[in-house]
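1. Predicted coordinates and the sequence they were generated for:
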Amino acid sequence: MRFSSLFLTMAGLLLAPLADVQAAWLTQVPQQLAQPASRHDDPYFERTRPLTAVSRNGREFLTAFNAAADRPRVVAVLSPTDPRAREEAARLARLLQSEPDSDTVVLAVWIPHDPADSPANALRATGLLTDSRVTHFHDLHSFVKRSLEARLDSDAAASPALLLHYAPGTLWLDLPPLPDRIHTPASTDRQ
């Protein structure tokens, strides 16, 4: 009996400071949660757009690509965290803003190029391209990237940013069609 009361006394002395720390932690946490860091760190956080996940067979992307076959299209394959890809997205946004009457359709495909390229970062990156002519996809299974690797040279396919220009009338059937123009950050436009 004496051992158990001594043990409880010792335990109480050891745990008392912990209770003070826990009480302080509980009063600080709600303040931290009220202002998530992402809102302060990312200027595009409030401007995010819907992001469609691309399945393993790419059905969602292929449907959108072929549905816009009557108009020129740009397929922008981009890493959401790579600085070169983000700059290409910003450049594309400026181009769209400078041509408001263009009927070009942009299919932005956010890919896992780098370890930091998570679905959350892809969603945040949609804020870089907010024009109504842009549809955003997250290619977690790399359907678009793998399909393009079969048709393009290895330098272009390995780029964190790849802009492919397609003329009206081009369809993506079994294999991706060859683009009319290809642009990567390290290259000039290729025909």
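-> Now that the structure is in, tell me what you want to look at.

2. What does the pLDDT read for the residue nearest the centre of the chain?
-> For the chain, the residue nearest the mean C-alpha position is Ala122 (1.5 Å; C-alpha atoms, centre = their mean). Reading off the confidence values, Ala122 has pLDDT 91.

3. cool, Pro17 as well?
-> In this prediction, Pro17 carries a pLDDT score of 42.

4. ok, now Asp114?
-> Per-residue confidence (pLDDT) for Asp114: 86.

5. SS state for the nearest residue to Leu92 once chain neighbours are set aside?
-> Take Leu92 and drop its neighbours on the chain: the residue closest to it by C-beta to C-beta, 6 or more residues apart in numbering is Ala76, 6.0 Å away. For the C-beta atoms, the positions are set from N, CA and C on the backbone; glycine is no exception. Three-state secondary structure (criterion: DSSP: H, G, I helix; E, B strand; the rest coil) places Ala76 in strand.

6. Any regions of the chain where pLDDT drops low?
-> Regions of the chain meeting the criterion pLDDT under 70 cover residues 1-47, 186-191.

7. Strands along the chain, start to end?
-> With DSSP state E as the definition, the chain shows strands at residue ranges 51-53, 73-78, 105-110, 134-138, 161-166, 181-183.

8. Just send these back as TSV, with distance to Arg91 and mean neighbour count too.
-> Written out in TSV, the entries for the strands of the chain read as follows (distance: least, C-beta to C-beta, whole Å; neighbours: other C-beta atoms under 10 Å):
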stretch	distance to Arg91	mean neighbour count
strand 51-53	21	16
strand 73-78	10	24
strand 105-110	12	24
strand 134-138	13	23
strand 161-166	9	23
strand 181-183	10	18
